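Undergrad: Sequence and predicted model, in that order:
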Amino acid sequence: MSKGSDIKLIDENGRRIDGRSVDEVRPIKIEVGVLKNANGSAIVEIGKTKVLAAVYGPRDPGIRTILLPNRATIRCRYHMAPFSTHERKSPAPSRREIELSKVIREAIEPSVIAEAFPRTTIDIFIEILNADGGTRTAGVTAASLALADAGIPLRDLVAGIAVGKVQDTLVLDINESEDMYGQADMPMAAMPSIGAITLLQLNGVLTEEEFMKALDLGWKGVKTVYEAQKEALRKRYVELKNIEVI
Amino acid sequence: MSTTPPNLPVVSKIKKDTILGMISKSTRVDGRKLSDIRSIEIKTDIIPNANGSAHVKLGRSQVIVGVKAEIGSPYPDTPNEGVLIVNAEFVPLASPTFEPGPPDERAIELARVIDRSLRELKAIELDKLAIIPGKRVWTVFVDIYVIDHDGNLVDASSLGTIAALKTAKIPKAKVEGDDRIELSDSEYMNIPLRSITLTATIAKIDEYLVADPVLEEEAVADTLIIFSLDSEGRITGIQKSGNGYLSSDDVRKALEMAKTMTKIYMSKLP
């Protein structure tokens, strides 16, 4: 719905409603390889936003028509659990979820070396377990880790973050209140090591100058998330290696 | 579930070489320069039964937009405002890749991109569309009907949406006793527009950026980037749409192109 209101989102000391500074990302918690059946999986928590992603594939989907002769077909579903929002969300896919499934697939596509698996599908399932802003970007972050966990060759990890504008100030990693009562929401995802932006949307109004600053702030957040992703993968695979030694 | 579209197979590699070869010499398949947009033709009031309508030809892409206003209930969280609903139909007569059935992800994305830029800018003064605040309001339906697809449906639809909204007429509503609403059959009002926003679509093909891509260019493009800009040059929406990626530099250059494009688009509006 439309934005802009009188609710105070930044105090006199420049602190946000959850105590963060304007360019501070919420605490990130990531675990990789959390599901038994999936080929790859990851759970990402960023503040109170909690997202689970799983990857199945490369596999035979049993539907010939969607297979491509020169590469894997990537399928992606972004879905919100009925209990993930304040008011129960109907489990039927909304127009928003259909759009976000596309936007997230397109954020992941350039990272996957799909040419390695012609005539197969790689299926990405993202379930939002708890929504507190930035669910699509947390979904991208989790999906990329699940792909890595599934052993699918990637050009780079894709990390996502949302930049917002509240009380005429740009802020990093907006939560739900800041999204709802703020002036703009700019989700972004990228492959940091090759400087490639793979997701960029803007919901709200920004001047050109604000947009340029938002882009820089977005990169800062993307890099923070990227470091957390790499740390989670390292943790998972160093642990695995130790188990094998025993 | 969103699936990799099947229109990127081997054949297009040959086509891509041809298109790229031309672009590297600063021309395009239809003779345009990289930053040129196609010819635009807009006709309004073409559907007598609609409150507002427009037929847009952007090159050989064609879109009809119909605006219908109906009296309905407001949303509970905005009881004193009218309701705006934007919907797009990619009807099967427009392209061999369009199938009958409910809107697919492409149609939903297009409608939501246009909806968001109008909504975020508060382009329509929805509070002026309340008839009995809290109870009865005008619901404005914008139905985008793609009838021929030769690329850049978003800009064609955005032009059509604004043209149809600008020229729409809704009957004046009078509230009688008992909250009875009487609609005038002689007096009309315009849909109150505070400002205008239009999209500008740019395709990234290899290292090149091209304005207003035709279908052939879209098929070989890495990705599209869509900027919505208002008449003061503020950014009212962005959507990266497509499988590829952009550098920060690409994004900045695309924004420069978008500014020029929307200025031309604005000048073509009725």
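TA: Done, it's in.
Undergrad: where does the residue nearest to A:Q183 when sequence neighbours are not counted land in three-state SS?
TA: Counting by CB to CB, 6 or more residues apart in numbering or on different chains, A:Q183 lies nearest to A:K165, which is 4.5 Å off, once chain neighbours are set aside. All C-beta atoms are positioned from the backbone trio N, CA, C, and that covers glycine. Using DSSP: H, G, I helix; E, B strand; the rest coil, the secondary structure recorded for A:K165 is strand.
Undergrad: residues near A:K165, how many?
TA: 25 (other CB atoms under 10 Å in any protein chain shown).
Undergrad: where's the residue positioned nearest the centre of chain B, which helix or strand?
TA: Chain B has B:S158 as the residue nearest its centroid, 2.6 Å off, counting by CA atoms, centre = their mean. Element membership for B:S158 (DSSP states H and E) is helix B:153-167.
Undergrad: Direction included, what does the next helix or strand after that helix pair against?
TA: Using DSSP H and E, the next helix or strand after helix B:153-167 towards the C-terminus is strand B:169-175. Paired with strand B:169-175 in the same sheet, following DSSP bridges, are strand B:181-190 (antiparallel).
Undergrad: buried residues in the strand it pairs with?
TA: B:M189 (16 or more other CB atoms under 10 Å in any protein chain shown).
Undergrad: Moving C-terminal from that strand, which element do we reach first?
TA: strand B:197-205.
Undergrad: For that following strand, which helices and strands make contact with it?
TA: helix B:11-24, helix B:105-121, helix B:153-167, strand B:208-211, helix B:215-220, strand B:223-230, strand B:235-241, helix B:248-267 (3 or more CB pairs under 8 Å, 6 or more residues apart in numbering or on different chains; DSSP states H and E).
Undergrad: one step back: now the helix holding B:S158: average pLDDT?
TA: Mean per-residue pLDDT for helix B:153-167: 98.
Undergrad: what about the residue nearest to A:R71 when sequence neighbours are not counted, distance to A:A107?
TA: Counting by CB to CB, 6+ apart, the nearest residue to A:R71 once its immediate chain neighbours are dropped is A:A114, at 4.1 Å. Per CB to CB, to the nearest Å, A:A114 is found 14 Å from A:A107.
Undergrad: When these two are compared, which one has more neighbours?
TA: A:A107 (32 against 22).
Undergrad: wait, that one sits on A:T198?
TA: Yes - look at A:A107 against A:T198 with CB atoms under 8 Å: they come within range, at 4.4 Å.
Undergrad: Need the residues touching each of the two.
TA: A:V140, A:V158, A:A189 (CB atoms under 8 Å, 6 or more residues apart in numbering or on different chains).
Undergrad: what helix or strand does the last one sit in?
TA: Taking DSSP H and E as the definition, one finds A:A189 inside strand A:184-191.
Undergrad: who does that strand touch, helix- and strand-wise?
TA: Looks like strand A:184-191 contacts helix A:135-149, strand A:159-166, strand A:196-206, helix A:208-245 (3+ CB pairs under 8 Å, 6+ apart).
Undergrad: Mind putting the helices and strands packed on strand B:197-205 into JSON lines with distance to chain A?
TA: Below are these laid out as JSON lines (distance: least, CB to the nearest CB, whole Å):
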{"stretch": "helix B:11-24", "distance to chain A": "9"}
{"stretch": "helix B:105-121", "distance to chain A": "4"}
{"stretch": "helix B:153-167", "distance to chain A": "13"}
{"stretch": "strand B:208-211", "distance to chain A": "14"}
{"stretch": "helix B:215-220", "distance to chain A": "14"}
{"stretch": "strand B:223-230", "distance to chain A": "7"}
{"stretch": "strand B:235-241", "distance to chain A": "4"}
{"stretch": "helix B:248-267", "distance to chain A": "6"}
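Undergrad: and those as JSON lines, adding distance to A:L215?
TA: Shown next, in JSON lines, are the helices and strands packed on strand B:197-205 (distance: least, CB to CB, whole Å):
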{"stretch": "helix B:11-24", "distance to A:L215": "26"}
{"stretch": "helix B:105-121", "distance to A:L215": "18"}
{"stretch": "helix B:153-167", "distance to A:L215": "22"}
{"stretch": "strand B:208-211", "distance to A:L215": "16"}
{"stretch": "helix B:215-220", "distance to A:L215": "25"}
{"stretch": "strand B:223-230", "distance to A:L215": "13"}
{"stretch": "strand B:235-241", "distance to A:L215": "10"}
{"stretch": "helix B:248-267", "distance to A:L215": "6"}
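Undergrad: and of the ones you listed, who's closest to A:P27?
TA: helix B:248-267 (27.2 Å; CB to CB).
Undergrad: Which of the residues in that closest one are classified as buried?
TA: Those would be B:S248, B:D250, B:V251, B:K253, B:A254, B:L255, B:M257, B:A258, B:M261, B:T262, B:Y265, B:M266, for helix B:248-267 by 16+ other CB under 10 Å.
Undergrad: In the stretch 1-150 of chain B, what residue lies closest to chain A?
TA: With CB to the nearest CB as the measure, B:S2 is the residue of the stretch 1-150 of chain B nearest to chain A, at 4.0 Å.
Undergrad: Separate out the buried members of the shared contacts of A:A107 and A:T198.
TA: Buried residues within the shared contacts of A:A107 and A:T198, counting neighbours by 16+ other CB under 10 Å: A:V140, A:V158, A:A189.
Undergrad: Settle this for me: the last one is touching A:A107, isn't it.
TA: Same thing as A:A189. Yes - with contact defined as CB under 8 Å, A:A189 counts as touching A:A107 (4.6 Å).
Undergrad: can you give me the strands in the stretch 1-150 of chain B?
TA: For the stretch 1-150 of chain B, the strands defined by DSSP state E, counting those that start in this stretch cover B:2-3, B:40-44, B:52-58, B:61-72, B:83-90, B:130-132, B:136-148.
Undergrad: Determine which stretch of the ones you listed is the most buried.
TA: strand B:52-58 (a mean of 25; mean count of other CB atoms under 10 Å in any protein chain shown).
Undergrad: what's the closest of the shared contacts of A:A107 and A:T198 to A:R95?
TA: Relative to A:R95, and with distances defined as CB to CB, the nearest of those is A:V140, at 19.5 Å.
Undergrad: how near is the residue nearest to the closest one when sequence neighbours are not counted to B:I114?
TA: Distances taken as CB to CB, 6+ apart place A:G160 nearest to A:V140, at 3.9 Å, with adjacent residues excluded. A:G160 is 24 Å from B:I114, where distance means CB to CB.
Undergrad: and these two? which has more neighbours close in?
TA: Neighbours were counted for A:G160 and for B:I114 using other CB under 10 Å; A:G160 has more, 30 against 27.
Undergrad: Show me the beta-bridge partners of the more buried one.
TA: A:A189.
Undergrad: Backbone dihedrals for A:R105, please?
TA: For A:R105, the backbone dihedrals (degrees, to the nearest 10) come out as phi -60, psi -40.
Undergrad: how about it, what does it touch?
TA: Taking CB under 8 Å, 6+ apart, one finds A:I74, A:R75, A:C76, A:I124, B:S2, B:T3, B:T4 in contact with A:R105.
Undergrad: Least confident secondary structure element in chain B?
TA: Least confident helix or strand of chain B, by mean pLDDT, DSSP states H and E, is helix B:11-24 with a mean of 84.
Undergrad: so what does that helix touch, helix or strand wise?
TA: Going by 3+ CB pairs under 8 Å, 6+ apart, helix B:11-24 lies up against strand B:197-205, strand B:208-211, helix B:215-220.
Undergrad: Tell me, how many residues neighbour residue 200?
TA: If you meant another chain, say so; for now it's chain A. A:L200 - counted by other CB under 10 Å - has 25 other residues nearby.
Undergrad: not what I meant, chain B
TA: Neighbours of B:A200 using other CB under 10 Å come to 27.
Undergrad: Could you count how many residues lie near B:G177?
TA: So B:G177, with other CB under 10 Å, has 5 neighbours.
Undergrad: Distance check, it against chain A.
TA: Distance of B:G177 to chain A, given as CB to the nearest CB, to the nearest Å: 33 Å.
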